[in-house]
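**Student:** Got a sequence here, can you build the structure:
(one chain, ligands or ions: 1)
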Amino acid sequence: MKKPVFYKSLGFAFKGLIWMFKNERNFQLEVIALFVNIILIFALKLNHLDSILILLICGFVLVSEILNTAIEKLCDFVEPKFHTKIGIIKDIAAGAVLLATIFAVIVGISIYWNYIF
Ligand SMILES: Nc1ncnc2c1ncn2[C@@H]1O[C@H](COP(=O)(O)OP(=O)(O)OP(=O)(O)O)[C@@H](O)[C@H]1O
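**Tutor:** Take a look at the predicted model:
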């Protein structure tokens, strides 16, 4: 199969992001959280390193959500019926998002704490 040119691949990737934003509520909330963090970065005048860390952890949560959804969709396609193995695969993928979120909250609190108090 012929490989699509770069700008077409970029288009497919954007299509995926738009799909996520239109269809996944958690992803929508995480994008809102990203914008809130961007506002806080400017409002609290975070230094360069702290700003980068906040953006990194937001990206980390968004990427884990996208991968979780991709795994869920693949599972539903491969096995639409109930299957314990599919259940554990989905649970593991969801665990990745949970872990990313816990780390994001810890890092976020420890950074913002210094600027607020
Ligand atoms: N086909 C299946 N077989 C067995 N268990 C399943 C199956 N589909 C879902 N589950 C169980 O239900 C849970 C939720 O799965 P579901 O696909 O509904 O994700 P979701 O709630 O939409 O997740 P998210 O909020 O991340 O989109 C899974 O973690 C798994 O434990």
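**Student:** tell me the SS of the closest residue to the ligand within the chain?
**Tutor:** Of all residues in the chain, Gly87 sits closest to the ligand, at 2.9 Å by C-beta to the nearest ligand atom. No exception for glycine: its C-beta is placed from N, CA and C like everyone else's. For Gly87, the secondary structure call by DSSP: H, G, I helix; E, B strand; the rest coil comes out as helix.
**Student:** Where do the helices of this structure begin and end?
**Tutor:** Along the chain, the stretches classed as helices by DSSP state H are 6-23, 25-43, 48-78, 84-116.
**Student:** roughly how far apart are the residue of the chain closest to the ligand and Lys22?
**Tutor:** 26 Å (C-beta to C-beta, to the nearest Å).
**Student:** Phe35 too?
**Tutor:** Counting by C-beta to C-beta, the gap from Phe35 to Lys22 is 17 Å.
**Student:** Look up the closest residue to Asn68, ignoring the ones flanking it.
**Tutor:** Ala93 (4.4 Å; C-beta to C-beta, 6 or more residues apart in numbering).
**Student:** Find the residue at the geometric middle of this structure.
**Tutor:** Central residue check for the chain by C-alpha atoms, centre = their mean: the C-alpha nearest the mean position is that of Leu62, 1.1 Å away.
**Student:** What pLDDT does the model give that one?
**Tutor:** According to the prediction, Leu62 has pLDDT 98.
**Student:** what residues does this structure put near the ligand?
**Tutor:** Residues of the chain found near the ligand (C-beta under 6 Å from any ligand atom) are 26, 68, 72, 79, 82-83, 86-87, 90-91, 94.
**Student:** So what touches the helix or strand of the chain with the lowest mean pLDDT?
**Tutor:** Using mean pLDDT, DSSP states H and E, the weakest-scoring helix or strand in the chain turns out to be helix 6-23, at a mean of 95. With C-beta atoms under 8 Å, 6 or more residues apart in numbering as the test, helix 6-23 has contacts from 4, 27-28, 31, 65-66, 69.
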